[in-house]
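**Student:** Below is the structure, and that's it, no one-letter string:
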């Protein structure tokens with residue numbers, strides 16, 4: 001039962017009218033629509049996340065960050081740092097030179113996630129049409 005308020009007559013009095021409403025939705029159609037919106041908006045969110053991750057990425061000569069701009073698949077939400085040493089720099093080498101990037105750290109995406117997850121969730125919600133949380 002859905003309650004709705006409506007104004008009746010010229011006097012402007014409001015009354016509550018209860019009326020049964022039957023909604024028929026096709027789950028598959030709704031899921032297709034949601035997936036379509038997500039597919040359209042994902043590159044925007046992925047770009048924001050990539051930018052935030054690169055704020056903490058190790059940077060000596062810019063090649064590692066440049067590789068993420070070239071190789072990431074934003075339309076699929078895949079962030080990729082593709083250099084011969086990227087994997088080792090991310091997972092194994094715990095030190096980072098901070099003379100070029102003072103925020104550089106190992107596991108830079110995890111650091112960016114901890115710093116920005118609330119912002120990313122808010123952006124995703126807005127992109128999906130949900131407004132602000």
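**Tutor:** Arrived safely. Just so it is clear, the structure is predicted and the values come from calculations on it, not from any experiment.
**Student:** Spatially nearest residue to residue 39, not counting backbone neighbours?
**Tutor:** Distance criterion CB to CB, 6 or more residues apart in numbering; nearest residue to residue 39, sequence neighbours excluded, is residue 75 at 7.7 Å. Every C-beta, even on glycine, is put in place using the N, C-alpha and C of the backbone.
**Student:** Strands along the chain, start to end?
**Tutor:** Assigned by DSSP state E, the chain shows strands spanning 2-8, 13-19.
**Student:** Least reliable of the ones you listed by average pLDDT, please.
**Tutor:** Mean pLDDT across the strands of the chain is lowest at strand 2-8; the value there is a mean of 43.
**Student:** Report the buried residues of stretch 39-47.
**Tutor:** 41, 42, 45, 46 (16 or more other CB atoms under 10 Å).
**Student:** hmm, who's touching that stretch?
**Tutor:** Contact with stretch 39-47 is made by 72, 74, 75, 76, 77, 78, 79, 120, 123, 124, 127, 128, as judged by CB atoms under 8 Å, 6 or more residues apart in numbering.
**Student:** Helices - which of those land there?
**Tutor:** Per DSSP state H, helices hold the following members of these: 120, 123, 124, 127.
**Student:** quick revisit: for the contacts of stretch 39-47, pick the one with the most neighbours.
**Tutor:** residue 72 (22 neighbours; other CB atoms under 10 Å).
**Student:** Contact partners for that one?
**Tutor:** Counting by CB under 8 Å, 6+ apart, residue 72 has contacts 46, 50, 78, 79, 80.
**Student:** so how far is residue 54 from the last one?
**Tutor:** According to CB to CB, to the nearest Å, residue 80 stands 12 Å off from residue 54.
**Student:** Over to the first one?
**Tutor:** Look at residue 46 and residue 54: by CB to CB, they are 12 Å apart.
**Student:** coming back round to it: quick one, what contacts the residue nearest to residue 39?
**Tutor:** By CB under 8 Å, 6+ apart, residue 75 lies in contact with 39, 42, 43, 46.
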